[in-house]
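>>> Return a 3D structure for these sequence lines:
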Amino acid sequence: MTLTKEEKQRRNAVLKELRAKHAGSIERTRERLKEQKAVRQQICRALRDGPRTVPEIAETSDLPAHEVLWHVTAMKKYDAVVETGQCGEYYQYVLAEEAGS
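The predicted structure is shown next:
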């Protein structure tokens, strides 16, 4: 589907208006994504020293355990970390790239 010049201009005007209208929401989303990326980097740094449980990651990274659990769960879902066993009643996690080597 090829748009005419007028249709492209109209579409661009609508998009510009939407961006202006939702600028605050867009900025909040960007900030939230930056925060999440920083937390995941902290978790990855903690895991570079070998397998760790959620409480160990939380202690190493000075993050609340519930937040670490939330991020580790998401990272596991997207194959960034994998379970390698258990330590007591907690699962141990490693970075997926290190588990494959």
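>>> what are the ranges of the strands in the protein?
Secondary structure of the chain (DSSP state E): strands at 52-53, 81-87, 90-95.
>>> Looking at those strands, which is nearest to Ala23?
strand 81-87 (34.7 Å; CB to CB). To be clear about C-beta, it is placed using only N, CA and C from the backbone, and glycine gets the same treatment.
>>> Now do that closest one: which elements does it pack against?
Contacting strand 81-87 under the criterion 3 or more CB pairs under 8 Å, 6 or more residues apart in numbering; DSSP states H and E are the following elements: helix 65-77, strand 90-95, helix 96-99.
>>> average pLDDT across the shortest one?
Averaged across helix 96-99, pLDDT comes to 84.
>>> Tell me, how many residues neighbour the residue lying closest to Gln36 once chain neighbours are set aside?
Counting by CB to CB, 6 or more residues apart in numbering, the nearest residue to Gln36 once its immediate chain neighbours are dropped is His71, at 7.4 Å. Neighbourhood size, His71 [other CB atoms under 10 Å]: 20.
>>> List the contacts of His71.
His71 is in contact with 36, 39-40, 43, counting by CB atoms under 8 Å, 6 or more residues apart in numbering.
>>> Could you check how far it is from Ala96?
14 Å (CB to CB, to the nearest Å).
>>> again with Leu47
Distance from Leu47 to Ala96, by CB to CB: 10 Å.
>>> Next: Arg10.
According to CB to CB, Arg10 and Ala96 sit 46 Å apart.
>>> who's more crowded, those two?
Per other CB under 10 Å, whichever of Arg10 and Ala96 has more neighbours is Ala96, with 15 against 12.
>>> my guess is the more buried one contacts Glu83, does it?
No - counting by CB atoms under 8 Å, Ala96 stays clear of Glu83, with 10.5 Å between them.
>>> Grab the longest helix from the protein for me.
Secondary structure assigned by DSSP state H gives helix 23-47 as the longest helix of the chain.
>>> So what touches that one?
Residues from elsewhere that reach helix 23-47 (CB under 8 Å, 6+ apart): 19, 52, 56-57, 60-61, 63, 67-68, 71-72, 75, 80-81, 93-95, 98.
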